[in-house]
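# Quick one, structure for this:
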Amino acid sequence: MIHVLFVCLGNICRSPMAEAIFRDLVAKEGLNDRIKVDSAGIGHWHVGDLPHEGTRRILDEYGIAHEGILSRQVNEADWDQFQYIIGMDNKNIDDLLSIRDDENVFVGRLLDFVEEVGDKDIPDPYFTGKFDAVYSLVSEGCQQLLNKIKHEHDLSEGGISYG
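Residues are numbered from 1 along each chain as shown. Alright, predicted model coming up:
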């Protein structure tokens, strides 16, 4: 089983959006039995909260389920469960690496998988209000990350997932 964790600052805007979009993509590819997805935040401010209203609105607009997603704080034990820990911006990555740096876990930004994007940091819509623009970036990043995982774990041709 492959485990993917999306992380942003508070786990109410970008990372739950990524979790929902990625879950949707995984389901459409028929990979629910191979890939599990979660999200978390660097900070503790919103623990137990639903995703931000703007995140829920844009996900609803695109018909992407977000039920059951509640904010939680990332913790060191996540490195024992997840093979991919994906931050939304460079500050998230710095914060994650200050918690734990483990060569067996990939830690990187979501937009590192999208070649066509110059700025690899996804802006926080909590501050900008631009949920539509963030949705577009997160969607593209999620698709490219899934492509990478499928290739690395030979999932696109019925291969076996190790890990």
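# only C-alpha atoms for contact and neighbour calcs from this point on.
Will do.
# do you know how far residue 24 is from residue 18?
10 Å (CA to CA, to the nearest Å).
# Actually, residue 145.
From residue 145 to residue 18 the distance is 11 Å (CA to CA).
# quick one: which of those two has more around it?
residue 18 (29 against 21; other CA atoms under 10 Å).
# which non-adjacent residue is nearest the more buried one?
residue 138 (6.0 Å; CA to CA, 6 or more residues apart in numbering).
# likewise residue 123?
If the residues on either side of it in the chain are set aside, residue 123 comes closest to residue 134, at 7.0 Å by CA to CA, 6+ apart.
# ok, now which ones touch the one you found?
Taking CA atoms under 8 Å, 6 or more residues apart in numbering as the contact definition, residue 134 lies against 14, 122-125.
# What segments of the chain are strands?
2-8, 35-41, 84-87, 106-109 (DSSP state E).
# the longest helix in the protein is where?
In the chain, assigned by DSSP state H, the helix with the most residues is helix 131-152.
# how many degrees apart are it and strand 2-8 in direction?
Between the axes of helix 131-152 and strand 2-8, defined by axes from the mean of the first three to the mean of the last three CA atoms, to 10 degrees, the angle is 150 degrees.
# so who does residue 56 touch?
Residue 56 sits next to residue 66 when contact means CA under 8 Å, 6+ apart.
# swap the cut-off to 10 Å and go again
12-13, 16-17, 20, 50, 64-67, 131 (CA atoms under 10 Å, 6 or more residues apart in numbering).
# Do I have it right that residue 2 meets residue 81?
Yes - taking CA atoms under 10 Å as the definition, residue 2 is a contact partner of residue 81 at 9.2 Å.
# When those two are compared, which one has more neighbours?
Between residue 2 and residue 81, counting by other CA under 10 Å, residue 2 is the more crowded of the two (18 against 14).
# residue contacts, that one?
Counted by CA under 10 Å, 6+ apart, residue 2 has contacts 32-37, 81-84, 149, 153, 161-163.
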